[in-house]
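Visitor: okay, sequence plus prediction incoming.
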Amino acid sequence: MPVTGTTTRSSLWREEGSTSMRALGYFIGTFAVALILGIGSAWYMIERGSPLTTASFGPWQSWLSEGNPNADPYTRAHLARSGRLPLTSTVARYFMAHTDSLGRTLSSGCEYSIVGAPLNARWWSLAVYDTYGSLIANPSNRYSFNSEEAIRRTDGSFHITLSRYARPENWLPEGRGPDRNLVLVLRIYGARDTDISGIGQIPLERLPKIERVRCE
Amino acid sequence: MRVRLPGLYIALGVVLAGLIHVVAVLTLPMLAPRDAQARLAALGPANTMIQLPAPAPGRQVMPLMAPDVRYAVCRYDLSKGPIRLKARIADDLWVIAFYTPLGENYYAVVGADMKQPDLDLIVATKDQDVAEVGVDSPEAFDNVVVVTSPVKEGIALIRAPLSGPSRSAEAERALKSAYCGPHDNPS
């Protein structure tokens, strides 16, 4: 070890005895920092995703090869941890949002206006969950709006209000009780535009905008 | 010497962090507390078609299930031979997807791609000879699709997205007629 033989200026260390003690201290410190960095970065890239594994547009994020047998290790770990059985991108596309269009965390203490353009797909559905992926109890038993149910405007766009209290047009309830963070999932089955490998193409600028209206 | 020392520790730290990162990413799938296979195993035996309850608060088998999709699942085990899966596809939107226990979707049938509504599949591993164990008449064999499973134990999941606000009962009825079980005596 190159450490032995170096002299130390610190009187504290000299009292402890040897420079090898100091080397051991440095080594343990280095190891602890490496452990935090290694596990932290792994956790972040698995839980939150990275440009390697996900496509993002505004608040929406989509894991590109989720469910694919040839997926990268990050996507595989993400999937195993999620406990889900998603379809691959040739059959369905999933987009998830944890924030509004300005990047503020979605909370049941706020009201949101979700405005979407028509999507060129056989079927789509927009559902709201808590951060554990559970549906939220509400008196009208409404957990989602899909392409068959949502009331459209004359230009084909749809307007969904995510709120605690009843709203006109398409009301997606946030549930009562204490404030909690929310997750929106937009699932799109049978996209009509596909690329050469059959992956459903959703023009990202057509994904709904999520605007915060007010908070309590 | 004194200048180079922190650099040495930083380099060591970066290499160690990288190694720990790789090990963590590769072992995490195995340490996942409740993967889909474990959640579905709690519902009933293998090689049986089980209809999942309509997703609602407190009645979700898996996280982030679609509230407007009805599901039926068959956890298959090919150790005693191939299995058969039969279903009448009631809607273009239906998807029948096959998974490994880790959630890899290795095969899928989309309702809209079907020429006729009756789906008849045999699921077998690579080394199980289906022609020998099974289908007796060649003309019946024409309509049967053999799915080669990369794993002995896996999951077949039927999704029936609701194509309208009051289609729930209809979809549940259609899923009820789906069969999954031993490959030689389909009901």
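Guide: Cool, got the structure.
Visitor: the nearest residue to A:Thr88 once chain neighbours are set aside: which element?
Guide: Excluding its sequence neighbours, the residue lying closest to A:Thr88 (Cβ to Cβ, 6 or more residues apart in numbering or on different chains) is A:Gly67, at 4.6 Å. Every residue, glycine included, has its C-beta placed from N, CA and C. According to DSSP states H and E, A:Gly67 maps onto no helix or strand at all.
Visitor: A:Gly67 against B:Glu104, yeah?
Guide: Yes: with contact defined as Cβ atoms under 8 Å, A:Gly67 reaches B:Glu104; the gap is 6.5 Å.
Visitor: neighbour-wise, which of these two wins?
Guide: Using other Cβ atoms under 10 Å in any protein chain shown as the criterion, A:Gly67 and B:Glu104 rank with A:Gly67 on top: 27 against 22.
Visitor: can you pull the pLDDT of the more buried one?
Guide: pLDDT, A:Gly67: 90.
Visitor: contacting residues around it?
Guide: A:79, A:85-88, B:99, B:103-105 (Cβ atoms under 8 Å, 6 or more residues apart in numbering or on different chains).
Visitor: quickly note the distance from it to A:Gly38.
Guide: 27 Å (Cβ to Cβ, to the nearest Å).
Visitor: so where is chain B shaky, pLDDT-wise?
Guide: Residue ranges of chain B with pLDDT under 70: B:1-5, B:131-142, B:185-187.
Visitor: could you pull out the helices for it?
Guide: B:4-31, B:36-41, B:130-133, B:138-141, B:168-176 (DSSP state H).
Visitor: most tightly packed of these?
Guide: Sort these by mean neighbour count, taking mean count of other Cβ atoms under 10 Å in any protein chain shown, and helix B:36-41 sits at the top with a mean of 19.
Visitor: that one and chain A in contact?
Guide: Yes: shown here: helix B:36-41 in contact with chain A (Cβ under 8 Å from any Cβ of the partner chain) through B:36, B:39.
Visitor: same check, this time on stretch B:90-107
Guide: Yes: Stretch B:90-107 reaches chain A (Cβ under 8 Å from any Cβ) through B:92-93, B:95, B:97, B:99-100, B:102-106.
Visitor: ok but A:Thr161 is inside a strand, no?
Guide: Yes: counting by DSSP: H, G, I helix; E, B strand; the rest coil, A:Thr161 is located in a strand.
Visitor: residues near it, how many?
Guide: When neighbours are defined as other Cβ under 10 Å, A:Thr161 has 19 of them.
Visitor: which non-adjacent residue is nearest it?
Guide: In space, A:Thr161 is closest to A:Arg167, 4.0 Å off (Cβ to Cβ, 6+ apart).
Visitor: quick one: the one you found and A:His159 touch, right?
Guide: No: using Cβ under 8 Å, A:Arg167 is not in contact with A:His159; the gap is 9.9 Å.
Visitor: all helices for chain A, in order.
Guide: Counting by DSSP H, the helices of chain A are A:11-16, A:19-47, A:73-82.
Visitor: of all those, which one is nearest A:Arg176?
Guide: Across the helices of chain A, A:Arg176 has its closest neighbour in helix A:73-82 (27.3 Å, Cβ to Cβ).
Visitor: relative orientation of the closest one and helix A:19-47 in degrees?
Guide: Helix A:73-82 and helix A:19-47 are oriented at 70 degrees to each other (axes from the mean of the first three to the mean of the last three Cα atoms, to 10 degrees).
Visitor: what's the offset of helix A:73-82 from the middle of its chain?
Guide: 13 Å (Cα atoms, centre = their mean, to the nearest Å).
Visitor: and it, does that touch chain B?
Guide: Yes: interface with chain B: helix A:73-82 contributes A:73-74, A:76-77, A:79-82 (Cβ under 8 Å from any Cβ).
Visitor: other SSEs contacting that helix?
Guide: Applying 3 or more Cβ pairs under 8 Å, 6 or more residues apart in numbering or on different chains; DSSP states H and E, we find helix A:73-82 packed against helix A:19-47, strand A:60-63, helix B:4-31.
Visitor: any chance of those in JSON lines, plus distance to A:Ala121?
Guide: Shown next, in JSON lines, are the helices and strands packed on helix A:73-82 (distance: least, Cβ to Cβ, whole Å):
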{"stretch": "helix A:19-47", "distance to A:Ala121": "28"}
{"stretch": "strand A:60-63", "distance to A:Ala121": "14"}
{"stretch": "helix B:4-31", "distance to A:Ala121": "30"}
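Visitor: now do the shared contacts for A:Gly67 and B:Glu104.
Guide: Counting by Cβ under 8 Å, 6+ apart, the shared contacts of A:Gly67 and B:Glu104 are A:Leu79.
Visitor: indicate which one of the helices and strands packed on helix A:73-82 is closest to A:Ile199.
Guide: strand A:60-63 (10.9 Å).
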